[in-house]
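Student: Just a sequence and a predicted model for now, questions to come.
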Amino acid sequence: MVRRRTATLSLTAVAVLAAAPLLTSCGAEHPGTAAVVGGQTISMSTLQSQVKAVRQAQGGSAQSAQLIESTGDLDRTTLGALVFDRVLDAAARQNGVTVTRAEAQQARAAAEAQAGGADALRDQLLRQYAVAPGGIDDFYRVQAEAQALAHKLGVDLATPDGQAAVTKSLVKAAQAMRVDVNPRFGTWNAQTLTIGSASTPWLRRAVAPTPAA
């Protein structure tokens, strides 16, 4: 009897183990993951942290209600920016482009001078591009890297032809990396570098004009 009971338990265990992959495949395809870019994970916690930072900054603004209403798809646009940053990094590496922290800081300093100070720049970036104060350095790193890539390609990023050339380089990098986005946010389009119906996020971040005073 003992042997039969043991055998029954063993068969039950085998059945459970065999069913496990099927149960997993029926669940969420990206548990705890917002996206996977070139084998690197962008976690939900990372995405939520950035969204929370923006919402907190918006909440402290005199235009709080308007800012929040205008960024109803903040989760998706923030994820699009996170994915783009990794695609841009890959395209830069493929073309031998590097950007130093000092270069990004110089870009930020120039923008602050034109905007009328650090506080003015912070407010304008939050209003125009939903950038939280803690994300300003990265915002200008992205711009500096995109400009450096354009320079390496011999084009002007401020022109349609320049944007097309840089986009081509980014699309090539995105296709080689393989981008997998959690379906709850939409589908990644490697040709337009967008998630779902979001507008071209790379243009928003990489070709953002310096805020006017």
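Tutor: Received, thanks.
Student: The most centrally placed residue in the chain: which element?
Tutor: By Cα atoms, centre = their mean, the chain has its centre lying nearest to Leu82, at 1.4 Å. Assigned by DSSP states H and E, Leu82 belongs to helix 74-94.
Student: Now do the helix or strand just after that helix, average pLDDT.
Tutor: Sequence-wise, the next helix or strand downstream of helix 74-94 (DSSP H and E) is helix 101-115. Averaged across helix 101-115, pLDDT comes to 92.
Student: Return the alpha-carbon coordinates of the helix or strand following helix 101-115 using CSV.
Tutor: Per DSSP H and E, the first helix or strand lying C-terminal to helix 101-115 is helix 118-129. Taking Å, rounded to 0.1, in the frame of the first residue of the first chain, the C-alpha atoms of helix 118-129 are listed here in CSV:
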residue,chain,number,x,y,z
ALA,A,118,17.4,76.4,-13.6
ASP,A,119,13.9,76.8,-12.2
ALA,A,120,12.5,78.2,-15.4
LEU,A,121,14.0,75.3,-17.4
ARG,A,122,12.6,72.8,-14.9
ASP,A,123,9.1,74.2,-15.2
GLN,A,124,9.2,74.3,-19.0
LEU,A,125,10.5,70.8,-19.4
LEU,A,126,7.8,69.5,-17.0
ARG,A,127,5.1,71.4,-18.9
GLN,A,128,6.3,70.7,-22.5
TYR,A,129,7.9,67.2,-22.3
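Student: ok so, going back, for the residue nearest to the centre of the chain, which residues are in contact?
Tutor: Leu82 makes contacts with 34-35, 42, 46-47, 50, as judged by Cβ atoms under 8 Å, 6 or more residues apart in numbering. Quick note: C-beta positions are derived from backbone N, CA and C, even for glycine.
Student: Quickly check these for the two that are furthest apart.
Tutor: Ala35 and Gln50 (12.8 Å; Cβ to Cβ).
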